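J.: Just a sequence and a predicted model for now, questions to come.
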Amino acid sequence: MTKVAFITGITGQDGSYLAEWLLKQGYQVHGLARRPISDVMRSHLYQVHQHVQLHYGDLTDGVSLNTILDQVRPHEVYNLAAQTHVAISFQAPEVTTNINALGTLRILQQITHNPHLRDTKFYQASTSEMFGNSMQTPQSELTPLAPASPYGIAKLYAHLLTQNFRSSHQVFACAGILFNHESPRRGELFVTRKITQAFARWVSGQHTILELGNLDSRRDWGHAKDYVRAMWMMMQHHTPDDYVIATGTQHSVRDFCNMVAAYFNIPLHWQGSGVSEQAVHAQTGELMIRVNPELHRPLDVINLVGDSSKAQRVLNWQPEYDLNDLVQHMCEHDLQLVKNLMQ
Ligand code: NAP
Ligand code: GDP
């Protein structure tokens, strides 16, 4: 029997990689989209658009979700849709909560109320942002959760709800506590992609200054392709559970800039944030990175690194890519993108 999967957030970074992975495993793949994709070839779904079925709806619209879920009757639901930007969640906390927290409730309620979905498995995209500024390093499934942003708080609601529906309604519900994961498909507002795009533009002759916020913030950056595989592995295990997915290595935003600079062989000139308080001009050939205090968050999470030993032990999950591979993939892709745009 062909398995049927339904992905919310299918147009995003993880949703598109997961769709590709599930199609390779022989699934029939359906996805929720907020609007028609006007230029399929430029979307993340360009490789698989002929093989996925899109349904138009929104996580804030319970009726549309109920109708779609009743039509599709999936064996597995992957709830990846969200307002995903931490900084934006400070400016728009209400919509962030509606999508990230209540959107999850809407799906779980439908799974429990619709008799056709009684055996449907559910995956929730939980996040390391739920740890906030934890005293424990590295963070595992046992680390106390104390989120530091409206994004993290809404995700914590959805995380606890997932656990609650598992224990109170016996839903096969898993939550993946995923640390930051990136790729050439990462949203352009996230720091890694902002950096690789700026360097690619600079290499192509567009000499701009790269403005960043907190350079000392540390993250555990993995590759999105490894992380969507982990989501699927959780859903194939005989028992639903929660798992941290991370590489276990940590780098600062400044380290990431240095790795990209080394890849492109570009000297850097740092300005601000105690690196060089003087406003001096970059020498010819140097890319200038300037700290802009306006890019600092009201409260930042500064020290994330994950312990994924449970996922390695129980699921036999291992990442295939390291940070050097990730930097290379993102830089190659963004350089090609700039070249295409300049043609
Ligand atoms: P992404 O690229 O920003 O994709 C977000 C997706 O959610 C897009 O498909 C977007 O649709 C959709 N969406 C947003 N609001 C929606 C709404 N109201 N109704 C329906 N769909 C909506 O995010 P990602 O990096 O793939 O992340 C996937 C999930 O993992 C998210 O839940 C995120 O919070 C979580 N997560 C990500 C990371 C990470 O480092 N990437 C780490 C931990 C957890 P449009 O295309 O229409 O905008
Ligand atoms: P997040 O971990 O989901 O918030 O992913 P981001 O890529 O948005 O941010 C990672 C870290 O980089 C955070 O601690 C930010 O404060 C820091 N950061 C520093 N400069 C920037 C910037 O210009 N943009 C973003 N998005 N983050 C920045």
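T.: That came in fine, so what should we check first? Ligands and ions are numbered 1, 2, ... in the order given.

J.: Name every strand pairing with the helix or strand of the chain with the lowest mean pLDDT and say which way it goes.
T.: In the chain, the helix or strand scored least confidently by mean pLDDT, DSSP states H and E is strand 268-271, which has a mean of 92. Strand 268-271 has the following strand partners under DSSP bridges: strand 287-291 (parallel).

J.: Buried residues, the strand it pairs with. List them.
T.: Leu287, Met288, Ile289, Arg290, Val291 (16 or more other Cβ atoms under 10 Å). Quick note: C-beta positions are derived from backbone N, CA and C, even for glycine.

J.: Spatially nearest residue to the last one, not counting backbone neighbours?
T.: Put plainly, it is Val291. Spatial nearest neighbour of Val291, chain neighbours left out: Gly272 (3.4 Å); criterion: Cβ to Cβ, 6 or more residues apart in numbering.

J.: How far does the strand or helix carrying Asn164 sit from its chain's centre?
T.: Using DSSP states H and E, Asn164 sits in helix 150-168. Put simply, helix 150-168 sits 17 Å off its chain's centre (Cα atoms, centre = their mean, to the nearest Å).

J.: where along the stretch 151-300 of the chain do the helices fall?
T.: Assigned helices in the stretch 151-300 of the chain, in chain order: 191-203, 224-236, 253-264 (criterion: DSSP state H, counting those that start in this stretch).

J.: residues in contact with the spatially closest residue to Ser252 that is not a sequence neighbour?
T.: With sequence-adjacent residues excluded and distances taken as Cβ to Cβ, 6+ apart, Ser252 is closest to Arg218, at 4.9 Å. Applying Cβ atoms under 8 Å, 6 or more residues apart in numbering, we find Arg218 in contact with Gln250, His251, Ser252, Ile302, Asn303, Leu304, Val305.

J.: show me the contacts for the closest residue to ligand 2 within the stretch 1-150 of the chain.
T.: Minimum separation of the stretch 1-150 of the chain from ligand 2 (Cβ to the nearest ligand atom) falls at Val86, amounting to 3.7 Å. Taking Cβ under 8 Å, 6+ apart, we find Val86 in contact with Glu129, Ser149, Tyr151, Gly152, Arg297, Val301.

J.: Can you select the buried ones among those residues for me in PyMOL?
T.: Command for PyMOL that selects the buried part of the contacts of Val86, burial taken from 16+ other Cβ under 10 Å:
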select buried, resi 129+149+151+152+297+301
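
J.: Show me which residues of the stretch 201-343 of the chain sit near ligand 2.
T.: Residues of the stretch 201-343 of the chain found near ligand 2 (Cβ under 6 Å from any ligand atom) are Leu212, Gly213, Asn214, Ser217, Arg219, Val253, Leu295, Arg297, Asp300.

J.: try 5 Å this time
T.: The stretch 201-343 of the chain has residues Leu212, Gly213, Asn214, Ser217, Val253, Leu295, Asp300 near ligand 2, with proximity defined as Cβ under 5 Å from any ligand atom.

J.: My guess is the first one contacts Phe190. True?
T.: No - using Cβ atoms under 8 Å, Leu212 is not in contact with Phe190, being 11.8 Å away.
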